[in-house]
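>>> Need the 3D shape of this:
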Amino acid sequence: MRPWQVVLVGLVGLLGVAVLLTALVLWSETFYDLAVPQAAPTGTAPVPFSYSIRAQRGVGDVLRDWGTAGIYSPPLIILGFVFLLGVPAVLALAGLHLPFVQRTEPLGAACGRALRLAPLALMPIGWGILVAGVAGNFARQLQVGTQEDWRALLTFRDPIFLTLASAAAGVWYLIVWLRRAAAGARGAGPGELSPRCEGCGYDLTHQPAEGRCSECGLGLAASLDPATRPGVPWAQRRTLRNWATTTWQVITAPAAFYRGLRLRDAHEPEIAFAAWTYVGIGVGALTFVGVATLAAILRYGAAGVDVLELGRVVVVMIAFGVAGCWAGHRANAAVVGALWLARAPLRDGRWAARIIGYESAYLWVFCALWGTLALSFIVWEDWVTELLGRHPFGPRYFGFPPEPLLVLGSTLALLALWWWRYRIAYRAVCWNNF
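Model prediction:
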């Protein structure tokens, strides 16, 4: 598409999303909670509280209320919200796929190719909003005339639970859809690549008679012998054991792993590897919720655990937590990929995509850190404050308690280490011959 066509399709798509959101909000506004006084037994004083029953009103009543709101009416607020946040959000989604659409073109051309994905992302976004909105409003429809309690979760009548679950399904549909769109938007390949010295990048098309690189002196066998890059266990056979072995190698020995990685195979094993990693993180999140619940019961007693809230936490941890890991993984990779393209791009952009896929294993380090800290806060609460002790300015630093600062600081430290890992990976594959 031409640039003006991309802009036009994007504006029309954003307007369609705003109209869809307005219709869903209009539907949801027809439901309201009717307060019913709680009567005491005969002959006693009234109980001074009430309970709520879900009731429903007509669409005309909602529209009349909207008409009296002026510029603060929901349709105008939604329209401004969509265009204010929708444009950067869609562009960010396209930017996350920059390393996956580039092959040999420079940074500017690769960015232009990635931006063509921006308006295409509106279709799965609209579909996700529609599914989540309909599910949540349908749950509210089932609640009309009833009093909400924790059993709503077991009868699929909890609107928040259904909305979260449906929204999570929409998020993962968007992720899969964008991956396929990026694969279709990928540029042309570099064709046949000349052999290079893996030490300095010297062209070895005409091999020196002395059997060593004329520039750095590295033996030709170190660059041209296929045995120097035997491949990784996951690429040879996709089993649970090989996935676990590859994950361990990526985390503990990135330099050795990427020096043995083959990058010119026709298949793309890193896509399945990353998918297995995301599934594993979801299973790990479910396990963490169980362990955290047990810790909370032991710490505060069974009465302190809310079944409905626990169900919502499970949905958020498994679905949105994993999606958050995906977004963080891709955002970091997009920054690194853009820096590579701006300074010294790889000879084939697919190599960057493969590194990114295998680097999903590093997400386990973040998950282990966050899980350990979260469990420590559940069991020992503000142990960091107690450890640091009280001082004249109180148990706060820069206006914040030390616990969230510990989480933020340790996360930033791991992020810096991740950038260093990408540097190691780049040096290990930049002159790859296999």
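>>> residue ranges for the helices of the stretch 301-434 of the chain, please.
307-315, 321-343, 349-358, 363-380, 383-388, 402-429 (DSSP state H, counting those that start in this stretch).
>>> Of these, which stretch is the most buried?
The highest mean neighbour count among the helices of the stretch 301-434 of the chain, using mean count of other CB atoms under 10 Å, belongs to helix 349-358: a mean of 24. All C-beta atoms are positioned from the backbone trio N, CA, C, and that covers glycine.
>>> list the helices and strands that one packs on?
helix 98-101, helix 269-300, helix 321-343, helix 402-429 (3 or more CB pairs under 8 Å, 6 or more residues apart in numbering; DSSP states H and E).
>>> starting at the chain centroid, how far to it?
18 Å (CA atoms, centre = their mean, to the nearest Å).
>>> what sits up against it?
Under the contact criterion CB atoms under 8 Å, 6 or more residues apart in numbering, helix 349-358 has outside partners 99-104, 110, 186-187, 189, 232, 246, 250, 257-258, 261, 263, 268, 270-271, 273-274, 329-330, 333, 337, 340, 346, 422, 425-426, 429, 432.
>>> For the helices of the stretch 301-434 of the chain, could you give me JSON lines that also reports distance to V7?
Shown next, in JSON lines, are the helices of the stretch 301-434 of the chain (distance: least, CB to CB, whole Å):
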{"stretch": "helix 307-315", "distance to V7": "36"}
{"stretch": "helix 321-343", "distance to V7": "22"}
{"stretch": "helix 349-358", "distance to V7": "26"}
{"stretch": "helix 363-380", "distance to V7": "35"}
{"stretch": "helix 383-388", "distance to V7": "49"}
{"stretch": "helix 402-429", "distance to V7": "33"}
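>>> For R238, which of these is the nearest?
The closest of the helices of the stretch 301-434 of the chain to R238 is helix 349-358. By CB to CB, the value is 13.1 Å.
>>> Tell me what angle that closest one forms with helix 269-300.
20 degrees (axes from the mean of the first three to the mean of the last three CA atoms, to 10 degrees).
>>> Buried members of the contacts of helix 349-358 into ChimeraX, please.
The buried subset of the contacts of helix 349-358, as determined by 16 or more other CB atoms under 10 Å, is captured in ChimeraX by this line:
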select :99,100,101,102,103,104,110,186,232,246,250,257,258,261,263,270,273,274,329,330,333,337,340,346,422,425,426,429,432
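>>> what would the helices of the stretch 301-434 of the chain look like in JSON lines with mean pLDDT?
Below are the helices of the stretch 301-434 of the chain laid out as JSON lines (pLDDT from 0 to 100):
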{"stretch": "helix 307-315", "mean pLDDT": "61"}
{"stretch": "helix 321-343", "mean pLDDT": "82"}
{"stretch": "helix 349-358", "mean pLDDT": "84"}
{"stretch": "helix 363-380", "mean pLDDT": "87"}
{"stretch": "helix 383-388", "mean pLDDT": "78"}
{"stretch": "helix 402-429", "mean pLDDT": "89"}
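>>> all helices of the stretch 101-250 of the chain, in order?
Applying DSSP H, counting those that start in this stretch to the stretch 101-250 of the chain gives helices spanning 107-115, 117-120, 122-143, 159-184, 221-224, 233-236, 240-252.
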